[in-house]
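**Q** A predicted structure for the sequence below; I have some questions about it.
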Amino acid sequence: DYNRYSGVYSLGEVATSDTSYVGSYQNVADGILHYPLYFLLNQVFQDNDQSRRSMFVIENQVQENEKYFNDTTLCGIFLDNHDQDRFLNHTQNSVRIQNALVYLMFSDGIPIVYMGTEQNFTGNPNEKYGATDPWNREPLWKSGYNRSMWIYTYLAKLNQIRSLLKEQYNEEFFISHQQTMLIDNDTYVYKKGSLVIVVSNQSFNRTKKLLFDSTVVSNRWKDLLDNKIYEIDNNNALEIDSWQPKLLLPVSSSAPILSSCLAVLSFFIIIFFQYE
């Protein structure tokens with residue numbers, strides 16, 4: 001009744017990995033914290049080679065989402081929170097962290113970043129259960145609100161790209177559902193709107209080919225993360241040669257976004273020097 005009469009978006013919490021059970025609560029709330037995905041992301045993007053799971057479990061979860069949720073784009077997705085282990089207690093590999101953050105920010109759902117992740121908070125490594133409550137509730141002010149921490153700047157960059165995608169595509173990007181393009185043990189490639197997202201959970205020693213269908217209108221794609229240009233070959237394939245995450249847009253579509261990025265960057269540089 002509250003959800004029906006309040007007229008505001010509501011987000012519920014059901015802390016279990018059972019997708020069908022969690023999804024059923026979207027019949028009474030607009031969105032639900034996506035605990036099934038949370039558990040999987042922590043298993044997929046961890047440093048332990050023995051217990052790390054393959055990217056197939058994420059793709060399988062995407063299929064489960066479509067089956068049991070009314071609309072996962074309204075759900076909250078997260079890597080950790082005040083009740084669960086610090087995600088960064090499970091990985092300190094910078095590339096793996098980048099991949100996890102890219103998936104968090106550019107998959108179906110509303111990304112929720114737990115306070116302290118941007119400051120590389122890991123809990124208390126000297127305690128047996130130091131990744132969880134109460135050690136995962138560190139006071140943020142002890143970090144000095146460090147805006148030069150690499151995770152802070154990386155999240156800022158991802159958030160800026162999200163904002164610019166909204167400017168160019170309105171809500172279409174955020175309400176579109178991701179579609180798998182390529183999947184293997186350590187790399188997952190999917191399309192969301194006009195954006196192609198590439199995430200991996202470990203390094204690989206071979207070149208991978210991403211096949212595009214015949215409807216692709218551009219042969220040149222730009223990675224919004226590093227500005228590198230990728231070209232589709234005569235077989236309609238694009239080569240991936242590293243496990244760095246990628247956010248690919250057709251060159252014609254990426255031009256306005258890149259121009260906006262430069263404008264925003266210039267703005268921040270000017271403010272920075274004026275402030276100093």
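**A** Done, it's in. Numbering: from 1, shown residues only.
**Q** all strands of the stretch 1-150 of the chain, in order?
**A** 11-12, 31-32, 76-78, 110-112 (DSSP state E, counting those that start in this stretch).
**Q** out of the ones you listed, nearest to Gln43?
**A** Each of the strands of the stretch 1-150 of the chain has some distance to Gln43 by CB to CB; the shortest is strand 76-78, at 14.5 Å. No exception for glycine: its C-beta is placed from N, CA and C like everyone else's.
**Q** so how far is that closest one off the chain centroid?
**A** 9 Å (CA atoms, centre = their mean, to the nearest Å).
**Q** how about stretch 72-79?
**A** Centroid displacement of stretch 72-79 relative to its chain, using CA atoms, centre = their mean, is 10 Å.
**Q** and it, end to end?
**A** 16 Å (CA to CA, to the nearest Å).
**Q** then stretch 191-199?
**A** The straight-line separation of the ends of stretch 191-199 (CA to CA) is 12 Å.
**Q** give me the contact list for that stretch.
**A** Identification of contacts with stretch 191-199 by CB atoms under 8 Å, 6 or more residues apart in numbering yields 55, 99-100, 102-103, 106-108, 165, 169, 172-173, 176-179, 181, 187-190, 210, 221, 240, 245-250, 253.
**Q** same thing but 6 Å
**A** 99, 102-103, 106, 169, 172-173, 176, 178-179, 181, 188-190, 245-246, 248-249, 253 (CB atoms under 6 Å, 6 or more residues apart in numbering).
**Q** quick check: Val199 is in a strand.
**A** Yes: counting by DSSP: H, G, I helix; E, B strand; the rest coil, Val199 falls inside a strand.
**Q** could I get the pLDDT score of the nearest residue to Gln92 once chain neighbours are set aside?
**A** Excluding the flanking residues, the one nearest Gln92 by CB to CB, 6 or more residues apart in numbering is Asp47, at 6.8 Å. Looking at Asp47, its pLDDT reads 96.
**Q** regarding Phe173, what is its secondary structure?
**A** Three-state assignment for Phe173 (three-state DSSP): helix.
**Q** what about it, how many neighbours?
**A** Phe173 has 16 neighbouring residues, counting by other CB atoms under 10 Å.
**Q** can you pull the domain assignment for this protein?
**A** Split into domains by automatic domain parsing, the chain comes to 2-163, 179-271.
**Q** just the endpoints, please. Distance across the first one?
**A** Right, the one you point to is domain 2-163. Start-to-end, domain 2-163 (CA to CA) is 31 Å.
**Q** how long is stretch 223-237 end to end?
**A** Note: stretch 223-237 ends 16 Å apart using CA to CA.
**Q** give me the contacts around that stretch.
**A** Here stretch 223-237 makes contact (CB under 6 Å, 6+ apart) with Ile161, Lys209, Leu211, Phe212, Asn219, Arg220, Trp221, Lys222, Leu238, Lys246, Leu247, Leu248.
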